[in-house]
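K.L.:
Using only what follows, build the 3D model:
(one chain, ligands or ions: 1)
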Amino acid sequence: PSDNGGGGGRSGALAPEPVAAEEVQKIDVNPPKGTRDFPPEEMRLRNWLFRNFREVSGLFGFEEVDFPVLESEALFVRKAGEEIRDQLYCFEDRGNRRVALRPELTPSLARLVIQKGKSLSLPVKWFAVGQCWRYERMTRGRRREHYQWNMDIIGVPEVTAEAELISSIVTFFKRIGITASDVGFKVSSRKVLQEVLSRNSIREELFGKVCIIIDKIEKIPLDDIKKELKSVGVSTEAVEQLLQVLSIKSLTELEEIVGDAGESVAELKQLFSLADKFGYSEWIQFDASIVRGLAYYTGIVFEGFDREGKLRAICGGGRYDRLLSTFGGDDIPACGFGFGDAVVVELLKEKGLLPELSLQVDNIVCALDHDLQGAAATVASILRDKGQSVDLVLENKPLKWVFKRAARINADRLILVGSSEWQRGMVGVKILSTGEQREIKLDELE
Ligand SMILES: Nc1ccc(Br)nc1
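P.N.:
Numbers count the residues shown, from 1 in each chain. Next comes the predicted model:
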């Protein structure tokens, strides 16, 4: 048939009907704003990072859990003025339900613990690695998703739980080559603030709000902090006392100011003593200004920081003894941390510690002519059944192309399936690192 005039460019053969122009809808091949693709190289780094998250969690006897990325909005509706609330990625679904892409994992974990109720034997030690979301005006050009590693201990009121969690993060850092000279943990307790508020007879329910305002102390002018504190009902006197305790530089000084009446000093002392026993004293320091930006923390709080001060907090966590009861669950003590997948990669880049990760296969298998493609498939299956990875050449390609691909995928061996060898039940094997080449019987291939 003659060229069907469809402009298909392939005259002679029966050219397929050209796609009508209106059917082609050129899409944006980039991911949505604030989100990332993970092409192979980035995915290898992510898998390496997550493998270390999981292996450390396993070293500490934690079990992995997961939850839907989509949760009821109610799980995150806290009225303490948190940024995480202001940036909630929430919407109404087709069933008119208010839902949200989770901004953090802790509320989901608390929900599952309550759901499981009495069937759980405490303490519960769970970890999760999950994608978390925020909806932020892109004016700041920041990401809208990241992956968080969380470890949580539910049912242990003792500071041993916080000490164990910090130990797990130190273990993780050491595994990826980060040392105490690169990173430290600032540790404090919200009970210090709580003691100041109760001494000034400020209502308990203001506690979360006050902490969220104070958490902004490095980000907005001090006068605005004072104004916001007063606007929620904190007296001038109490504001001054709060700001004073935030500037305390040591546990000794803290004890002098708050006395050992409150349990905050005792708990912090115990944490530092346990840190010594765990062997990570050089990693942690008391810093009264650490508050963290989540309303539900009630006690010890901590955050990992880079000692060069170039990066945002690497991770953070603390005790949240009231969260489960605010969800209608029993009054069960809990503590945990979140560790994002982005800042730690910036840190590794800074320190020249990014791991060399490349695709690697044991074998590339190639038929030397088209009618041996089936034989090549048989060889590939034999090797794969023995646990050997195989890149099977799926088309008739010149050897030059095969060698180029073998180098690109870092194949250890090239298995050539040729007609004469195949007749004799043999295949050609070339060790690509040495160039050594020999024939091997099919049933001796391993
Ligand atoms: N909470 C949250 C979620 C997503 C990103 Br990116 N950062 C923080």
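K.L.:
Can I get the host helix or strand of Ala380 as PDB, trimmed to CA atoms?
P.N.:
In this assignment (DSSP states H and E), Ala380 forms part of helix 373-385. Extracted in PDB, the C-alpha atoms of helix 373-385 (Å, rounded to 0.1, in the frame of the first residue of the first chain):
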ATOM      1  CA  GLN A 373      17.700 -16.500  22.700                       C
ATOM      2  CA  GLY A 374      15.800 -19.400  24.300                       C
ATOM      3  CA  ALA A 375      19.000 -21.100  25.300                       C
ATOM      4  CA  ALA A 376      20.200 -17.900  26.900                       C
ATOM      5  CA  ALA A 377      16.900 -17.700  28.800                       C
ATOM      6  CA  THR A 378      17.500 -21.200  30.100                       C
ATOM      7  CA  VAL A 379      21.100 -20.300  31.300                       C
ATOM      8  CA  ALA A 380      19.700 -17.100  33.000                       C
ATOM      9  CA  SER A 381      17.100 -19.200  34.900                       C
ATOM     10  CA  ILE A 382      19.700 -21.800  36.000                       C
ATOM     11  CA  LEU A 383      21.900 -19.000  37.400                       C
ATOM     12  CA  ARG A 384      19.000 -17.200  39.000                       C
ATOM     13  CA  ASP A 385      17.800 -20.400  40.600                       C
END
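K.L.:
Residues contacting that helix, please?
P.N.:
362-363, 365-367, 390, 392-393, 396, 415, 417, 422, 427, 442, 445 (Cβ atoms under 8 Å, 6 or more residues apart in numbering). Where you see a C-beta, it was placed from the backbone N, CA and C, and this is true even at glycine.
K.L.:
Pull out the buried residues from it.
P.N.:
For helix 373-385, the buried set under the neighbour-count rule, 16 or more other Cβ atoms under 10 Å, comprises Gln373, Ala375, Ala376, Ala377, Val379, Ala380, Ile382, Leu383.
K.L.:
Check stretch 55-74 too.
P.N.:
Quick answer for stretch 55-74 (16+ other Cβ under 10 Å): Val56, Ser57, Phe60, Phe62, Val65, Phe67, Glu71, Glu73.
K.L.:
If we only consider those residues, which is nearest to the ligand?
P.N.:
Closest approach to the ligand among the buried residues of stretch 55-74 (Cβ to the nearest ligand atom): Glu71, at 13.0 Å.
K.L.:
And what about that closest one, helix, strand or coil?
P.N.:
What DSSP: H, G, I helix; E, B strand; the rest coil gives for Glu71 is strand.
K.L.:
Bridge partners for it, pull those for me.
P.N.:
Ala100 (DSSP bridges).
K.L.:
Give me the distance between it and Leu294.
P.N.:
16 Å (Cβ to Cβ, to the nearest Å).
K.L.:
what does Glu82 give?
P.N.:
For Glu82, the distance to Leu294 - Cβ to Cβ - is 7 Å.
K.L.:
on that earlier part again, state the mean pLDDT of the helix holding Ala380.
P.N.:
Helix 373-385 shows a mean pLDDT of 98.
K.L.:
now stretch 425-434
P.N.:
Rounded mean pLDDT across stretch 425-434 is 97.
K.L.:
Name the residues of that stretch that come out as buried.
P.N.:
Buried residues in stretch 425-434, counted by 16+ other Cβ under 10 Å: Met426, Val427, Gly428, Val429, Lys430, Leu432.
K.L.:
Could you tell me which of the residues you listed belong to strands?
P.N.:
Met426, Val427, Gly428, Val429, Lys430 (DSSP state E).
K.L.:
What residues does the spatially most central residue of the chain make contact with?
P.N.:
Centroid check for the chain by Cα atoms, centre = their mean gives Gln148 as the closest residue, at 2.9 Å. Shown in contact with Gln148 (Cβ under 8 Å, 6+ apart): Glu104, Leu105, Ala128, Val129, Gly130, Gln131, Cys132, Gly338, Phe339, Gly340, Asp341.
K.L.:
ok, which of those residues also contact the ligand?
P.N.:
Checked against the ligand using Cβ under 6 Å from any ligand atom, those yield the following neighbours: Glu104, Cys132.
K.L.:
Just the contacts of Gln148: which are in strands?
P.N.:
Filtering the contacts of Gln148 for strands - DSSP E - leaves Ala128, Val129, Gly130, Gln131, Cys132, Gly338, Phe339, Gly340.
K.L.:
Right, I'll leave it there.
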